[in-house]
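# coordinates for the following, if possible.
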Amino acid sequence: MPIFLFPGQGAQFPGMGIDLFNADFDGSMGIRSLFETASEVLGQNIQDILNSDTEFLKRTDISQPAITVVSLAASLCLKSRNIIPTACAGFSLGEYPALAVSGVLSITNTIKLVMNRGKIMQDACGALKKSSSVPPGMIAILGLSPEQVDRVIADFPIEGLFAANYNSPKQTVVSGTADALSLVEEIFKKAGARRVVTLKVAGPFHSPLMRDAADSFAKTLNDVIFTDPVLPLYSNVTGLRITSGEEAKKNALLHISNPVLWTKEEQSIAFLMAENGDDTLIEVGPGSVLAGLWRDSRQKGFCTSYTEFMQVDA
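Got it, this is the predicted structure:
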């Protein structure tokens, strides 16, 4: 059986997940019930959200619940074919469907949390825009190792620059203030970066610049029950296996303002695969970004997108 990886924000596209809903014509997969639950929690029809245009889907408060629901629907479709994960991990937002599939969160609480998380992060980004004519943001550094990126940040002459996503041995995403990002691009290129790409995101995610959002999210988390995982589950915050519901809840709060240690997480997953004899990972949800990052990591095992896996398995 494979390990499930769940994608993060940015994987969305218009119409995603509608094919899964249509495939569950008799409701036996549970996808139609999932969509009904999502519509009730969100207060609007999830199918209308999924069929909306690209710009609307880019909104943090829209994309987070939308991607989560589609990822959960994909996991239900796999389950209907007796494809059950041996472990779970998710990239950034993808950690939430991973929490659900591993038994830490109920489906309803998962959707409620990502809905509120998305709204809080959207509001925080709006506040940052109001406080600066040029808001903070994120850039991707291609062609430098994570260690080289860390050295540039450590030597950077002004405050406001943070490593946000350690994606692969040759790709790291950095969050920062507008001033820091405008100055550092040339420095990264001089250090040997092949490309420096400004990302079209709403704010400086996974950095201390999002601490106000984390403080607000703490209130949302207070009354939510996190149970111990029934499957091996891995954390973006530590890059290691999560041992308890209490730890998962603590990490859910840290997650907003701390970097995603995906390269370390991949190493932890690869170690588990070697122990268990697993050789396949499936990216369960829209897109195929994580399959590409796994190939970049040069870890053993085959990682495929959900759609490619279904075509082969059909």
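# for I111, helix, strand, or coil?
Here I111 takes the helix state, with states given by DSSP: H, G, I helix; E, B strand; the rest coil.
# ok so I49 is a helix residue?
Yes. Counting by three-state DSSP, I49 is found in a helix.
# can you get me a residue count around it?
20 (other Cβ atoms under 10 Å). Glycine gets a C-beta too; all of them are placed from N, C-alpha and C.
# tell me how far it lies from G43.
Taking Cβ to Cβ, to the nearest Å as the measure, I49 falls 11 Å from G43.
# just the strands from the stretch 51-200 of the chain, written as ranges.
For the stretch 51-200 of the chain, strands defined by DSSP state E, counting those that start in this stretch occupy the ranges 88-90, 137-142, 161-168, 171-176, 195-198.
# out of those strands, which one sits most buried?
strand 88-90 (a mean of 29; mean count of other Cβ atoms under 10 Å).
# list the contacts for the closest residue to E159 other than its chain neighbours?
Nearest residue to E159, sequence neighbours excluded (Cβ to Cβ, 6 or more residues apart in numbering): A180, at 7.4 Å. Contacts for A180 (Cβ atoms under 8 Å, 6 or more residues apart in numbering) come out as F156, I158, E159, G160, L161.
# and A180, what pLDDT?
Looking at A180, its pLDDT reads 90.
# please tell me how far it sits from I153.
To I153, A180 is 9 Å away according to Cβ to Cβ.
# give me the common contacts of the two.
L161.
# now the end-to-end length of stretch 25-36.
The straight-line separation of the ends of stretch 25-36 (Cα to Cα, to the nearest Å) is 14 Å.
# run the chain-centre distance for that stretch.
24 Å (Cα atoms, centre = their mean, to the nearest Å).
# and for that stretch, what's in contact with it?
The contact list for stretch 25-36, computed with Cβ under 8 Å, 6+ apart, reads 20-21, 23-24, 46-47, 69, 72-73, 76-77, 79-80, 107.
# same deal with stretch 46-53?
Contact with stretch 46-53 is made by 14-18, 21, 35, 38-39, 42, 57, 62, 65-66, 69-70, as judged by Cβ under 8 Å, 6+ apart.
# buried set for it?
I46, I49, L50, S52 (16 or more other Cβ atoms under 10 Å).
# likewise for stretch 144-160?
For stretch 144-160, burial by neighbour count (16+ other Cβ under 10 Å) applies to L144, S145, P146, Q148, V149, V152, I153, F156, G160.
# residues contacting N236?
G90, F91, S92, E95, N251, H255, N258, V260, L261, W262, E265.
# of these, which is the most crowded?
G90 leads the contacts of N236 on contacts (other Cβ under 10 Å) with 30 neighbours.
# please report how far that residue lies from P146.
20 Å.
# and for D223?
Separation of D223 from P146 (Cβ to Cβ): 37 Å.
# just to revisit the earlier point, just curious, which of the contacts of stretch 25-36 is nearest to D228?
Of all the contacts of stretch 25-36, D228 sits closest to I107, with 17.5 Å by Cβ to Cβ.
# tell me, how many residues neighbour that closest one?
I107 is flanked by 20 other residues according to other Cβ under 10 Å.
# state the pLDDT value of V134.
Predicted confidence (pLDDT) for V134: 65.
# any weak-confidence spans in this protein?
Along the chain, the model assigns pLDDT under 70 to residues 131-134, 310-314.
# show me where it has its helices.
Secondary structure of the chain (DSSP state H): helices at 18-23, 31-42, 46-50, 54-58, 60-80, 95-101, 107-131, 146-155, 178-190, 211-221, 245-254, 262-276, 289-297, 306-313.
# what packs against the fifth one?
If I follow you right, that is helix 60-80. strand 3-6, helix 18-23, helix 31-42, helix 46-50, helix 54-58, helix 95-101, helix 107-131, helix 306-313 (3 or more Cβ pairs under 8 Å, 6 or more residues apart in numbering; DSSP states H and E).
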